[in-house]
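> build me a model from this:
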Amino acid sequence: QVQLVESGGGLVQAGGRLRLSCAASGSIGNIFLMGWHRQAPGKQRESVATISSTGDTEYADSVKGRFTISRDNAKNTVYLQMNSLKPEDTALYYCRVLRYNRGAAPDIYWGQGTQVTVSS
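Numbers count the residues shown, from 1 in each chain. Predicted coordinates for the structure are as follows:
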């Protein structure tokens with residue numbers, strides 16, 4: 001099992017910034033992808049950004065140029081730096097990790113979610 005603990009959400013004005021953190025613990029060997037998803041009220045959960053074990057990153061078009069994902073392998077932690085926040089970024093943000101599962105589909109683990117609210 002992998003446990004994920006998120007932190008860093010909060011209330012910020014439009015144009016402000018926040019930094020989310022997600023620390024992984026437990027059976028963290030073979031984690032190959034870490035990332036952030038978000039879900040706004042009445043909307044489907046969507047991928048925001050991912051980072052592979054080799055450092056390759058991907059971003060949703062809506063956050064490109066504003067958000068930066070990074071990871072500290074020594075601390076087993078993934079970060080999401082969010083700048084120039086917009087009211088439409090308001091959502092519950094979830095950390096997600098994928099772990100190799102030999103001979104089967106990858107294991108998927110989710111954090112409990114951290115709320116980000118951007119006021120106009």
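> ok, and what's touching stretch 65-78?
When contacts are taken as Cβ atoms under 8 Å, 6 or more residues apart in numbering, the neighbours of stretch 65-78 outside the stretch itself are 21-25, 28, 31, 34-36, 48-51, 53, 55, 57, 59, 79-85, 95, 97. The C-beta positions use only the backbone N, C-alpha and C, and glycine is treated the same way.
> stretch 38-56 too?
Outside stretch 38-56, the residues that reach it (Cβ under 8 Å, 6+ apart) are 31-37, 57-60, 63, 67-71, 73, 78, 80, 88-94, 116.
> list the buried residues for it?
Judged by neighbour count (16 or more other Cβ atoms under 10 Å), stretch 38-56 contains these buried residues: 38, 48-51.
> hmm, back to that, take the contacts of stretch 38-56 and keep only those in helices.
Assignment to helices by DSSP state H places none of the contacts of stretch 38-56 there.
> which ones among those are found in strands?
Residues of the contacts of stretch 38-56 located in strands (DSSP state E): 31-37, 57-59, 67-71, 78, 80, 91-94, 116.
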